[in-house]
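**Student:** 3D, please:
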Amino acid sequence: MPTTHRTKVAFIGTGIMGAPIAGHILDAGYDLTVNNRTKSKAEGLLAKGAHWADTPAQAAANADVVFTMLGYPADVEDVYLSTDGLVRAAKKGAYLVDLTTSSAQLAKDIHDACEVEDKHAFDCPVTGGDTGAKAGTLTLIVGAKESYAAPVLPILQTFSDKIYYMGGAGKGQTAKLCNQVSLAVCMVGYADAMALAEQGGLDVAQTLDMVSHGMGGSVAMERLAPKSLNGDYKPGFLVEHLRKDLGLALAQAEDTDITLPGADTAYTLYDMLYQIGGARLGTQAISLLYQDEATCTAAGLDWSKLDVEDLANEDEKDDKDGHCCGGHGGDGCCGGHGEGHGGDGCCGGHHHEDGHCCHHHGDGE
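**Tutor:** The predicted structure is shown next:
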């Protein structure tokens, strides 16, 4: 099914990432129908000529290609595999492309269910953040061979500048989780570096610039650390979604009997940020965990929400000495900048001399 500008496209999920991606498809001249749980988030697309559908099934009914950009695996499962889901609602021969970062096994299940129905599906998570989505320069990670995805390539190219074909259903999701694990560990690294620079009396901006031009640099440091430094926590990628991705990666690692200590530590920190009210902040808000309570409060965080008992119960024994992972004393502050962050919990998930670690995987939602 070679795509042309007469190809009908449906796009479900017009949030931070989905709306600009759908906009590029629309700008390229494709007939676009959109659906989102909150219609107001699709108003910009509707004003430019997109059609509205009240349900995902209605959006997909006449579409040749259906894209989804959703929040959680549970959303993906419901939208695709429910009684009135996309697998049944889409027409014969349609292509269903899930851009969500989700479960590898779920991607396989959707692919297999579609093939039985004479439809085609592949996972295609993306990386590049909202900046890449707006610029149309995302990197696509396709859970299929190049030949399988070829019929929809012209549409994929409207919002990307690099495509990796990982070879089979679900492999795009696994590869994306590799990216998320590396990203999250880099985020922890730059937040640690910022805290150390501040405590050492350095010019933090100068120090970050120095590190970013050396072997300690990363894309996260280059693009997101300046936002942390400037107190800009607006989301390009939400804390709750990185937390979800790390949960998926840790669950998959557990299934394959490997350990990911870096991802484990990052999950602990992002789970903590999620608990205290940072779910809808940008991932660069991890640096707030190293700040004093007044700064956190000004950013909308509330340390009293932290379930330290829950964190402690994840371990074989409690840490009775009140050590903070940063080693500066105080009652459980990541950066050790004072008391009042909620008891004796270790924030960073780093191992103490007695082997104690406060990791807490959760289910990744």
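**Student:** element containing the residue nearest to D203 when sequence neighbours are not counted?
**Tutor:** Spatial nearest neighbour of D203, excluding adjacent residues (CB to CB, 6 or more residues apart in numbering): A197 at 7.8 Å. The C-beta positions use only the backbone N, C-alpha and C, and glycine is treated the same way. A197 belongs to helix 171-199 when elements are defined using DSSP states H and E.
**Student:** can you check V87 too?
**Tutor:** Here V87 is covered by helix 86-89, with elements defined by DSSP H and E.
**Student:** ok, and what's touching the strand or helix carrying L153?
**Tutor:** Element membership of L153 [criterion: DSSP H and E] is helix 153-156. The contact list for helix 153-156 (CB atoms under 8 Å, 6 or more residues apart in numbering) reads 2-3, 7, 9, 25, 28, 30, 65, 97, 124, 140, 149, 163.
**Student:** which residues touch G143?
**Tutor:** Residues in contact with G143, defined by CB under 8 Å, 6+ apart, are 104, 107, 111, 122-124, 166-173.
**Student:** hmm, I typed the wrong one, I wanted V34.
**Tutor:** Applying CB under 8 Å, 6+ apart to V34 gives the contacts 10-12, 14, 22, 42, 45-46, 50-53, 59.
**Student:** pLDDT weak spots in the chain?
**Tutor:** Scanning the chain for pLDDT under 70 picks out 1-2, 309-365.
**Student:** quick one, strands of it?
**Tutor:** 8-12, 31-35, 51-52, 65-68, 95-98, 120-123, 126-127, 138-142, 160-165 (DSSP state E).
**Student:** adding distance to T259, write those out as JSON lines.
**Tutor:** Output for these, formatted as JSON lines (distance: least, CB to CB, whole Å):
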{"stretch": "strand 8-12", "distance to T259": "36"}
{"stretch": "strand 31-35", "distance to T259": "40"}
{"stretch": "strand 51-52", "distance to T259": "47"}
{"stretch": "strand 65-68", "distance to T259": "32"}
{"stretch": "strand 95-98", "distance to T259": "29"}
{"stretch": "strand 120-123", "distance to T259": "25"}
{"stretch": "strand 126-127", "distance to T259": "24"}
{"stretch": "strand 138-142", "distance to T259": "24"}
{"stretch": "strand 160-165", "distance to T259": "26"}
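**Student:** for A263, find the nearest of the ones you listed.
**Tutor:** For the strands of the chain, the distance to A263 is smallest for strand 126-127, at 16.2 Å, taking CB to CB.
**Student:** and stretch 97-107, what's buried?
**Tutor:** 97-104, 106-107 (16 or more other CB atoms under 10 Å).
**Student:** correction: stretch 23-37
**Tutor:** Buried positions in stretch 23-37, judged by neighbour count with 16+ other CB under 10 Å: 23-26, 28, 30-36.
**Student:** could you do stretch 220-236 as well?
**Tutor:** Buried residues in stretch 220-236, counted by 16+ other CB under 10 Å: 220-221, 224-225, 227-229, 233, 235-236.
**Student:** cool, and stretch 190-204?
**Tutor:** Those would be 190-195, 197-198, 204, for stretch 190-204 by 16+ other CB under 10 Å.
**Student:** before we move on, what about stretch 54-73?
**Tutor:** For stretch 54-73, the neighbour count (16+ other CB under 10 Å) marks 56-57, 59-61, 63-73 as buried.
**Student:** how far does that stretch sit from its chain's centre?
**Tutor:** Distance of stretch 54-73 from its chain centroid, counting by CA atoms, centre = their mean, to the nearest Å, is 20 Å.
**Student:** and which of the buried residues of stretch 23-37 is nearest G128?
**Tutor:** For those, the nearest to G128 is H24 (12.4 Å; CB to CB).
**Student:** next, the contact list for the closest residue to A63 other than its chain neighbours, please.
**Tutor:** Spatial nearest neighbour of A63, chain neighbours left out: A10 (3.7 Å); criterion: CB to CB, 6+ apart. Listed by CB under 8 Å, 6+ apart, the contact set of A10 reads 32-35, 53, 59-60, 63, 65-67.
**Student:** go again with 7 Å.
**Tutor:** Neighbouring residues of A10 by CB atoms under 7 Å, 6 or more residues apart in numbering: 33, 59-60, 63, 66.
**Student:** next one: it from Y95, what distance?
**Tutor:** In this view, A10 and Y95 are 11 Å apart by CB to CB, to the nearest Å.
**Student:** what about V188, how many residues close to it?
**Tutor:** Neighbours of V188 under the rule other CB atoms under 10 Å: 22.
**Student:** is it true that it touches Y267?
**Tutor:** No. V188 lies out of contact with Y267 (CB atoms under 7 Å); the separation is 10.1 Å.
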